[in-house]
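Visitor: Quick one: sequence and predicted model below, then my questions.
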Amino acid sequence: MAKLLVKGSTLKQANLMLRTLDCQVFALRDAGALAESATAYVSLEPCNHFGRTPPCTEALIEAKVKKVVVGMVDPNPIVASKGVDRLRDAGIEVAVGVEEGLCKSLNEAYIHRMVTGKPFVTLRYSLSVNGNLLNLLGNGVTDCGGYYSRLLQEYDAVILSSSVFSENLSLPTSQEVGANQPIRIIVHEDSSSSNQIPLGISEVTDKVIIFTDSKSASAPEVAQLGIETVALDRINLEAILDYCNSQGLCSVLLDIRGSFSELEELVKEGIKKNYINKFVTEILPLWNGCAEPDPLQRLKSLEKRVEVVNLQSKASGQSVVIEGNFKF
């Protein structure tokens, strides 16, 4: 996140996903000449190297900002303190570590990827008030301002069961103004006689990737729509996350919608191998009895106890949303 201030007035603010231009550059471009003598507030140290974009430090220097307030030093060894040093060498006043704890929380996905080499993974699912898994989202949560709509814009990719098509569920889309839509990763593992990837859409405007096992064949219309298909000997979360990391993705939402059975092994692997970092649980105002054992009961076979930290709750529509981080 980047914000420019002059005499207490906000000039421009930018808060962008990793796969776009750095937010400082956007804020400075929009502010134009007004950026001169301004104070720039950034949650993460400005970079001082050429990557997918030019150095943010040079943009700040050229804009003639007076001061830069940095929330935290970048853990990327390519950057680490070099951006701060460059700004100071250019005569710009720099304050480091302001609201550092909050900034680390804002940048948790980026920090995790820099440290581990894997994207930050959040598990999302819905429950009834009596604790049974629901294939539902609450009223209003997908609308602009709803927790689900806002959640989607925070992630680079979302993993879904292929049954979102067969059950006529729409691809998850953030309704927030100017939101960056996540890449949709569809998991399909089907050794049935049809051996086809179900596809209930006629056109694709955002990127979709289908992960399938080597036994399943891609339906002809998949290639025609320009959808990428990745075939694995065995579908597993580690391989999917390694692929996401190779594409520069920092954060992944593992969204339990549609068939739980298609995602069950991914969830088990994620918890067993500490790949899942966070959870978001929506509790709907419904009592839901199950004639068969609830799918979540199958996860009890995992002989693991994990502490949850940073536990928070909030209301969204008629639902209660609980989230927290796993402390492995």
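Guide: The structure has been received and is ready for your questions. Residues are numbered from 1 along each chain as shown.
Visitor: Can you tell me the SS state at Lys268?
Guide: helix (DSSP: H, G, I helix; E, B strand; the rest coil).
Visitor: What residues does it make contact with?
Guide: 299, 302 (CB atoms under 8 Å, 6 or more residues apart in numbering). Every C-beta, even on glycine, is put in place using the N, C-alpha and C of the backbone.
Visitor: so where's the stretch 1-150 of the chain shaky on pLDDT?
Guide: Within the stretch 1-150 of the chain, the ranges that satisfy pLDDT under 70 run 1-23, 26, 51-52.
Visitor: can you map out the strands along it?
Guide: Remark: strands assigned in the stretch 1-150 of the chain by DSSP state E, counting those that start in this stretch are 2-6, 9-14, 39-42, 67-70, 93-96, 120-127, 133-134.
Visitor: Quick check: buried residues in the fourth one?
Guide: Of the residues in strand 67-70, those scored as buried under the neighbour-count criterion (16 or more other CB atoms under 10 Å) are 68-70.
Visitor: For Ser81, list the residues it contacts.
Guide: 45, 73.
Visitor: Go again with 10 Å.
Guide: Neighbouring residues of Ser81 by CB atoms under 10 Å, 6 or more residues apart in numbering: 45, 48, 70, 73-74, 96.
Visitor: What of Asn130?
Guide: Asn130 touches 286-290, 294, counting by CB under 10 Å, 6+ apart.
Visitor: Please report the distance of it from Leu286.
Guide: Noted for Asn130: a distance of 9 Å to Leu286, by CB to CB, to the nearest Å.
Visitor: Report back the residue of the protein that's furthest from centre.
Guide: Ranked by distance from the centre of the chain (CA atoms, centre = their mean), the top residue is Gly91, with 36.3 Å.
Visitor: pretty sure that residue contacts Ile61?
Guide: Yes. Between Gly91 and Ile61 a contact is recorded at 8.8 Å, counting by CB atoms under 10 Å.
Visitor: which one is Glu282 nearest to, not counting chain neighbours?
Guide: Excluding its sequence neighbours, the residue lying closest to Glu282 (CB to CB, 6 or more residues apart in numbering) is Ser126, at 4.5 Å.
Visitor: can you check Tyr243 too?
Guide: Looking at Tyr243 with CB to CB, 6+ apart, the closest residue is Val230, at 6.4 Å.
Visitor: What is the helix or strand containing that neighbour packed up against?
Guide: When elements are assigned from DSSP states H and E, Val230 belongs to strand 228-232. With contacts taken as 3 or more CB pairs under 10 Å, 6 or more residues apart in numbering; DSSP states H and E, strand 228-232 sits against strand 183-188, strand 208-213, helix 220-224, helix 237-246.
Visitor: of all these, which lies closest to Phe328?
Guide: Minimum separation from Phe328 across the helices and strands packed on strand 228-232 (CB to CB) falls at helix 237-246, 14.9 Å.
Visitor: For that closest one, which outside residues touch it?
Guide: 113, 116-121, 156-157, 159, 183, 185, 187, 209, 211, 230, 232-233, 236, 249-252, 254, 263, 265-273, 275-276.
Visitor: which residues does Asn310 contact?
Guide: Applying CB under 10 Å, 6+ apart, the residues near Asn310 are 105, 108, 278, 323-327.
Visitor: Contacts only, for Gly324.
Guide: Here Gly324 is in contact with 278-281, 307-313 (CB under 10 Å, 6+ apart).
Visitor: possible to save those residues as JSON lines with pLDDT and distance to Thr173?
Guide: Converted to JSON lines, the contacts of Gly324 look like this (pLDDT from 0 to 100; distance: CB to CB, whole Å):
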{"residue": "Lys278", "pLDDT": "98", "distance to Thr173": "21"}
{"residue": "Phe279", "pLDDT": "98", "distance to Thr173": "22"}
{"residue": "Val280", "pLDDT": "98", "distance to Thr173": "17"}
{"residue": "Thr281", "pLDDT": "98", "distance to Thr173": "21"}
{"residue": "Glu307", "pLDDT": "94", "distance to Thr173": "34"}
{"residue": "Val308", "pLDDT": "95", "distance to Thr173": "29"}
{"residue": "Val309", "pLDDT": "96", "distance to Thr173": "31"}
{"residue": "Asn310", "pLDDT": "95", "distance to Thr173": "27"}
{"residue": "Leu311", "pLDDT": "97", "distance to Thr173": "28"}
{"residue": "Gln312", "pLDDT": "97", "distance to Thr173": "25"}
{"residue": "Ser313", "pLDDT": "98", "distance to Thr173": "25"}
